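Novice: Here is a sequence with its predicted model. Questions after.
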Amino acid sequence: MEQLAKNLLALRGVKKLSREKVSRVLELSAKTYERYEKDEREPTAPTLVKLADLYGVTLDQLVGLAPLPLEEEHR
């Protein structure tokens, strides 16, 4: 899920959150979250829901099936 990895990185940047902060909210290690952003590991369905909630996007937006809100603002 290459698009998911790109979206996670972009959304974290927009929210100005560290990997450590995101990983604490998700209750997982910072290394695990880093692997999501590097497309080395895929999050579970419950983790995807938590990520979408944290970043204020839909699951479709998170995984790349719909544009991220930040992409729509730049059009």
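Specialist: Perfect, I can see it now.
Novice: Please enumerate the strands of this structure.
Specialist: Assignment of strands within the chain using DSSP state E yields no ranges at all.
Novice: So which residues of it form helices?
Specialist: 2-15, 19-26, 30-37, 45-55, 59-63, 69-73 (DSSP state H).
Novice: Now mean pLDDT and mean neighbour count too, for those, in TSV please.
Specialist: From N, CA and C alone the C-beta is placed, and that goes for glycine too. Written out in TSV, the entries for the helices of the chain read as follows (pLDDT from 0 to 100; neighbours: other CB atoms under 10 Å):
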stretch	mean pLDDT	mean neighbour count
helix 2-15	96	16
helix 19-26	96	16
helix 30-37	97	18
helix 45-55	97	16
helix 59-63	97	17
helix 69-73	63	12
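Novice: residue contacts, the nearest residue to Lys50 once chain neighbours are set aside?
Specialist: Setting aside the residues directly before and after it, Lys50 is nearest to Leu26 in space (CB to CB, 6 or more residues apart in numbering), at 5.5 Å. Contacts of Leu26 were listed using CB atoms under 8 Å, 6 or more residues apart in numbering, and they are 33, 47, 50-51, 54.
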